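> coordinates only, no sequence provided:
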């Protein structure tokens, strides 16, 4: 535990030195949330109108959805870039020479992801509450549990990307593509009900959509379907492959 705590503290300081981490994990999701809130407001669909946002108001939909998005921002953009960059600079090799195990490195990434995601989520909730009137969660403990679940799952996915991508530049490029695809086709952008058939298929394939449904389940009581199991499966597969492909140099 001492090694994990020291490594986590070191990794957190290194993360905060990267401007991209601050922009994507703290600022960008908040900006997009306010843009969408200004466009769509928070009126649910009226009888006879096309059902959008799963039958709730836009901000009621987006606030829990964006708790998942801020986690994805940290884990898909920052963790792979940071992990691949550490490998390029020989940091992971020095960790290995110091008898630091792969599980300790992965655990530190999960801790850092949770800290940054929590700070970003709190800022998002406070800012949204100051401007918009949206439904409060049905269960605070449920939201916390769902948030931890989503963070661990996305962290495993980010570690997998950082394990298989050879350089920080490649990890950054791939992470940005995945993040923007999930933003627009993963339930955090346009209403999922207006997506075309092919886009609906992409929606079901994105980890973010299942994370969004998990958070909306514990926040609004909306039916998540099989999303808890699907996201858990993504997390387990990502963790398994991440351990298998992990390289020190």
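Received the coordinates, thanks. Source: prediction; values computed, not measured.
> now do the helices in the chain.
In the chain, the segments counted as helices under DSSP state H are 2-16, 19-22, 28-40, 58-72, 79-88, 91-97, 102-131, 140-164, 168-185, 197-205, 207-220, 227-245.
> which of the ones you listed sits most buried?
Mean neighbour count, computed with mean count of other CB atoms under 10 Å, is highest for helix 58-72 among the helices of the chain, reaching a mean of 27. For glycine as for every other residue, the C-beta is placed from the backbone atoms N, C-alpha and C.
> and it with helix 140-164, angle?
Compare the direction of helix 58-72 with that of helix 140-164 by axes from the mean of the first three to the mean of the last three CA atoms, to 10 degrees and you get 40 degrees.
> pLDDT of stretch 151-167, averaged?
Per-residue pLDDT over stretch 151-167 has a mean of 92.
> still on that earlier bit, could you identify which of the helices of the chain has the lowest mean pLDDT?
helix 19-22 (a mean of 67).
> dump the residue contacts of residue 94.
Under the criterion of CB atoms under 8 Å, 6 or more residues apart in numbering, residue 94 has no neighbours.
> same deal with residue 15?
Taking CB under 8 Å, 6+ apart, we find residue 15 in contact with 21, 78, 82, 112, 116.
> the second one touches residue 18, doesn't it?
By that I understand residue 78. Yes - with contacts counted by CB atoms under 8 Å, residue 78 reaches residue 18, the gap being 7.0 Å.
> give me the distance between residue 74 and residue 151.
In this structure, residue 74 and residue 151 are separated by 8 Å, where distance is defined by CB to CB, to the nearest Å.
> what distance do you get for the residue nearest the centre of the chain to residue 135?
Centre of the chain computed as the mean C-alpha position; nearest residue by CA atoms, centre = their mean is residue 72, 1.8 Å away. In this structure, residue 72 and residue 135 are separated by 22 Å, where distance is defined by CB to CB.
> ok, residue 69 next?
For residue 69, the distance to residue 135 (CB to CB) stands at 18 Å.
> quick check: the farthest pair among the contacts of residue 15?
Distances among the contacts of residue 15 were taken as CB to CB; the most separated pair is 82 and 116, at 10.9 Å.
> show me what contacts the closest residue to residue 225 other than its chain neighbours?
Once flanking residues are discounted, residue 225 sits nearest to residue 213: 6.7 Å by CB to CB, 6 or more residues apart in numbering. Under the criterion of CB under 8 Å, 6+ apart, the contact list for residue 213 reads 187, 222, 224, 225, 227.
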